[in-house]
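Peer 1: A predicted structure for the sequence below; I have some questions about it.
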Amino acid sequence: MSSNVTPTSTPVKTTGLHVGDAGPGCRKVDPILIADNVRRTFGGLTAVDVEHVEVPRGAITALIGPNGAGKTTLFNLLTGFDKPDSGKWEFDGRSLAHVPAYRVARMGLIRTFQLTKSLALLTVLDNMKLGAKGQIGENLFRSFLPFLWRKQDDEIEAKALEILARFKLDTKKDDYAASLSGGQRKLLEMARALMSDPTLVMLDEPMAGVNPALTQSLLDHVLDLKSKGMTVLFVEHDMHMVRHIADWVIVMAEGKIVAEGDPHLVMQDPAVIDAYLGAHHDADIGTTDTEHVEVLKELIDDEQ
Ligand SMILES: Nc1ncnc2c1ncn2[C@@H]1O[C@H](COP(=O)(O)OP(=O)(O)O)[C@@H](O)[C@H]1O
Ligand SMILES: [Mg+2]
């Protein structure tokens with residue numbers, strides 16, 4: 001599972017992100033996202049129960065934790081794709097509770113999915129165009145004034161082609177998304193996210209299922225988001241990648257934030273090892289949770 005990829009250049013880590021001691025729910029110097037008492041239950045199961053968490057602006061934060069910890073559910077809640085039982089959160093100083101996903105996206109918070117959501121029966125270019133926000137053509141009144149939206153459509157297309165070129169997908173622009181490999185679809189999803197000029201990009205397992213030939217490129221793209229001034233929050237199981245590119249790590253287990261800190265220091269926190277051990281022990285007998293064992297090995301390696 002470990003890709004052992006290293007970015008082409010050594011990433012410059014952003015430090016000095018938190019106030020006071022690093023730990024679950026610690027304050028940040030300049031948080032872009034602040035969540036309080038966000039809870040989501042499914043029947044009797046508490047999937048997310050986050051008392052307080054802040055995501056630092058302008059940095060790359062990794063959200064880690066064993067399968068079932070609640071990472072995807074927290075992403076869904078924060079981006080309006082799911083509704084919490086209770087809780088409030090704000091993005092860039094604006095409350096996001098009860099704001100639907102499409103509006104959250106327009107406010108500058110974009111997420112990608114663990115399982116890619118590119119529309120298979122649309123071309124790569126059309127997938128990109130769907131990512132553009134505030135399209136004049138969407139508005140019925142303005143759609144009677146084609147000169148307005150045609151100009152905008154040209155601009156959107158030019159922007160899409162420029163981003164596709166950066167992601168080396170420009171030669172595929174007229175292909176159906178269905179014809180892309182899993183890794184290329186992940187790239188397309190990230191590329192599409194950039195169409196709306198987000199300020200916060202949330203990536204749910206961007207590397208999962210990606211061919212090693214493409215992981216390097218994905219990793220460089222994540223670093224590129226930061227260098228362009230965006231904030232990144234990403235879920236990832238590959239601890240090598242987390243250590244290489246994350247400025248900050250937040251650890252979830254059983255719905256709660258159990259540790260936070262600098263990537264190297266947080267991985268030595270016994271709470272992190274406990275989180276993975278706990279999840280491993282709870283796994284049904286017979287299901288070998290190799291991913292957790294792999295993460296544990298990497299955590300132990302880091303201590304040496
Ligand atoms: N729609 C759902 N219905 C019922 N249970 C769910 C649903 N979504 C997630 N869960 C449960 O919530 C817990 C957290 O899941 P998830 O957020 O996907 O974890 P992670 O992304 O950390 O692996 C798991 O126990 C999962 O089975
Ligand atoms: Mg998940």
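Peer 2: Here it is on my side, so go on. Ligands and ions are numbered 1, 2, ... in the order given.
Peer 1: Count the neighbours of the closest residue in space to I273 that isn't next to it in sequence for me.
Peer 2: Nearest residue to I273, sequence neighbours excluded (CB to CB, 6 or more residues apart in numbering): L299, at 5.7 Å. C-beta coordinates here come from the backbone N, C-alpha and C atoms, glycine included. By other CB atoms under 10 Å, the residues close to L299 number 19.
Peer 1: quick one: contacts for L299?
Peer 2: Applying CB atoms under 8 Å, 6 or more residues apart in numbering, one finds that L299 lies in contact with 239, 267-268, 272-273, 276.
Peer 1: from the residues you listed, which would you call buried?
Peer 2: Among the contacts of L299, those buried by neighbour count (16 or more other CB atoms under 10 Å) are 239, 267, 272-273, 276.
Peer 1: among the residues you listed, which are within reach of ligand 1?
Peer 2: Contacts with ligand 1 are made by none of the buried ones among the contacts of L299, judged by CB under 6 Å from any ligand atom.
Peer 1: For the nearest residue to L223 once chain neighbours are set aside, which three-state class applies?
Peer 2: Leaving aside its sequence neighbours, L223 sits nearest to P11 (CB to CB, 6+ apart; 5.3 Å). When classified by DSSP: H, G, I helix; E, B strand; the rest coil, P11 comes out as coil.
Peer 1: and which of the contacts of L299 is nearest ligand 2?
Peer 2: Y276 (14.8 Å; CB to the ion).
Peer 1: Tell me which residues touch that closest one, please.
Peer 2: 66, 292, 295-296, 299 are the contacts of Y276 under CB under 8 Å, 6+ apart.
Peer 1: right, and T72 touches D204 too?
Peer 2: Yes: with contact defined as CB atoms under 8 Å, T72 reaches D204; the gap is 5.8 Å.
Peer 1: residues shared between the contacts of the two?
Peer 2: 114, 235.
Peer 1: Enumerate the residues of the stretch 51-200 of the chain near ligand 2.
Peer 2: 71-72, 114 (CB under 5 Å from the ion).
Peer 1: For the chain, what lies in contact range of ligand 1?
Peer 2: For the chain, the contact set with ligand 1 under CB under 6 Å from any ligand atom comprises 42, 45, 47, 65, 67-73.
Peer 1: Need the max-distance pair from these.
Peer 2: Farthest pair in those (CB to CB) is F42 and G65. Separation: 17.2 Å.
Peer 1: Show me which of those two is the more surrounded one.
Peer 2: Taking neighbours as other CB under 10 Å, F42 and G65 compare with G65 leading, 26 against 10.
Peer 1: Next, the contact list for K83, please.
Peer 2: 77, 98.
Peer 1: For it, give its distance to N76.
Peer 2: K83 sits 9 Å away from N76, going by CB to CB, to the nearest Å.
Peer 1: Output the lengthiest helix in the chain in PDB, but only the C-alpha positions, please.
Peer 2: In the chain, with assignment by DSSP state H, the single longest helix is helix 146-166. Coordinates of each C-alpha in helix 146-166 appear next as PDB, following Å, rounded to 0.1, in the frame of the first residue of the first chain:
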ATOM      1  CA  PRO A 146     -26.900  34.100 -25.900                       C
ATOM      2  CA  PHE A 147     -24.200  36.600 -26.500                       C
ATOM      3  CA  LEU A 148     -23.700  36.800 -22.700                       C
ATOM      4  CA  TRP A 149     -23.300  33.100 -22.100                       C
ATOM      5  CA  ARG A 150     -21.400  32.300 -25.300                       C
ATOM      6  CA  LYS A 151     -18.600  34.600 -24.300                       C
ATOM      7  CA  GLN A 152     -18.700  33.000 -20.800                       C
ATOM      8  CA  ASP A 153     -18.800  29.500 -22.300                       C
ATOM      9  CA  ASP A 154     -15.600  30.300 -24.300                       C
ATOM     10  CA  GLU A 155     -13.900  31.500 -21.200                       C
ATOM     11  CA  ILE A 156     -14.900  28.400 -19.300                       C
ATOM     12  CA  GLU A 157     -13.700  26.200 -22.100                       C
ATOM     13  CA  ALA A 158     -10.300  28.000 -22.200                       C
ATOM     14  CA  LYS A 159     -10.000  27.600 -18.400                       C
ATOM     15  CA  ALA A 160     -10.900  23.900 -18.600                       C
ATOM     16  CA  LEU A 161      -8.300  23.300 -21.300                       C
ATOM     17  CA  GLU A 162      -5.700  25.100 -19.400                       C
ATOM     18  CA  ILE A 163      -6.300  23.000 -16.200                       C
ATOM     19  CA  LEU A 164      -6.600  19.800 -18.200                       C
ATOM     20  CA  ALA A 165      -3.200  20.500 -19.800                       C
ATOM     21  CA  ARG A 166      -1.700  20.900 -16.300                       C
END
